[in-house]
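Visitor: give me a model of this one.
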Amino acid sequence: MSVLFSSPGKYIQGSGELSNLGKYTKEYGKKMLLITDQFLLDKFKSNLDVNIEVHDVEIEYVISSGECTYKEIERIADLAKSTASNIIVGVGGGKVLDTSKGVATKTGLPLAIVPTSAAQDAPCSRLSVVYNENHELDSFMTHRENPNLVIVDSKVISEAPARMLAAGMGDGISTKFESRACIASDLENYGGGKATKIAETLAQLCYDIIMKNGKAAYKAVQNQVVTKALEVVIEANIYLSGCLLYTSPSPRDG
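Guide: Coordinates of the predicted model:
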C-alpha cells in the first residue's frame, strides 16, 4: 500500500485576510457564492463587501438554515447553478463549513473555507458531518478532495469566545496521541493510502506549539488582540491538528 498525504490547496493566515478574500478566490472566477449565517453576515459584511470594490469580485450571499442536511446542500447547490457562481465560499463554524463542502461537491465548483473560530481542525478536511431534519446524525459525507483554499483571518479568530480557542487546543493536543493510534492501526487513511511520516511529524509539532504558546494565546483572545503566540496556536489548531485527518481511517459513508 502506498503512503498518501492530502491537505488544502492553499492555507492562508493573517490579520485582516477577510478583506482579501477576493484576491485569492478570483483566480477561479469573479463570482463567489458565499454561505454564512445571519449573525456573522451582520458582523462581517463590511469586511466582506470591501472585496467587491478592491478586488473586483461579485458576492452572492446565502444564509444557511443552521443545519447541515442533504436538503440544505441541494437547496444551495441549486442557487449556485442558477447564479452561475464560479466558486463556493463558506464563512462560519462547523455546520456552515460542512454545508459549503457538500455544495462544492454537488456542483463540482472549487471551494474556499473561512473559519470564524479556531475551535477545530475541520476547515482543512474533506469530510462533512450531515444531519437529518430532526437534527440527528445522518451520515458522513466524504469529498473527493480537500478545500482549494483555507483562509484564516487572525483578527476574526481573536474576537471569537476564548472557550472556542481552548476547545481547539484540546483537540490539537490530543492529535499527537490519536495520530499514533491511527498509524499503529495500519489502515487506509482518508485519501486511501497509508500514513506518511510528515503527518506524524505535524502531530508532534502541533502538540509542542500548543504546550508552549497555549496560555499566552488564550490571554490574547481574552483581550481580543493578535499576538505571535495566538498566530502560531491558530495554525496549530486549524491546520496542524488536521494531520490526524491525514492519518486516520475514513468513516463509512451513509
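Visitor: distance between the top helix by length along the chain and the chain's centre?
Guide: Looking across the chain with DSSP state H, the single longest helix is helix 197-222. A distance of 18 Å separates the C-alpha centroid of helix 197-222 from that of its chain, computed with CA atoms, centre = their mean, to the nearest Å.
Visitor: which SSE is immediately downstream of it?
Guide: Next helix or strand after helix 197-222 toward the C-terminus (DSSP states H and E): helix 228-238.
Visitor: just the pLDDT for Ala122.
Guide: Listed pLDDT for Ala122 reads 87.
Visitor: pretty sure it is touching Gly94, no?
Guide: Yes: counting by CB atoms under 8 Å, Gly94 is a contact partner of Ala122 at 5.5 Å. Where you see a C-beta, it was placed from the backbone N, CA and C, and this is true even at glycine.
Visitor: any idea how far Ile88 lies from Leu109?
Guide: Relative to Leu109, Ile88 is positioned 5 Å away (criterion: CB to CB, to the nearest Å).
Visitor: need the overlap of contacts for these two.
Guide: 33, 80, 103 (CB atoms under 8 Å, 6 or more residues apart in numbering).
Visitor: do you have the helices of this protein handy? List them.
Guide: 21-25, 38-54, 70-82, 94-107, 154-158, 162-185, 197-222, 228-238.
Visitor: among those, which comes closest to Met1?
Guide: Proximity to Met1, assessed across those by CB to CB, is greatest for helix 162-185 (12.7 Å).
Visitor: got the buried residues for the closest one?
Guide: 162, 164-169, 171-173, 175-176, 178-179, 182-183 (16 or more other CB atoms under 10 Å).
Visitor: with distance to Ala195, neighbour count and pLDDT added, can I get the shared contacts of Ile88 and Leu109 in a markdown table?
Guide: What follows is the shared contacts of Ile88 and Leu109, written out as a markdown table (distance: CB to CB, whole Å; neighbours: other CB atoms under 10 Å; pLDDT from 0 to 100):
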| residue | distance to Ala195 | neighbour count | pLDDT |
| --- | --- | --- | --- |
| Leu33 | 35 | 27 | 98 |
| Ala80 | 34 | 24 | 98 |
| Val103 | 30 | 27 | 98 |
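Visitor: any chance of those in CSV, with distance to Val50 too?
Guide: Listed next are the shared contacts of Ile88 and Leu109 as CSV, based on distance: CB to CB, whole Å:
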residue, distance to Val50
Leu33, 18
Ala80, 23
Val103, 24
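Visitor: quick check, nearest of these to Tyr207?
Guide: Tyr207 lies nearest to Val103 out of the shared contacts of Ile88 and Leu109, by CB to CB, at 33.7 Å.
Visitor: what's the spacing between the residue nearest the centre of the chain and Met32?
Guide: The structure's the chain has its C-alpha centroid closest to Pro123; by CA atoms, centre = their mean the separation is 1.4 Å. Here the criterion is CB to CB. By it, Pro123 lies 17 Å from Met32.
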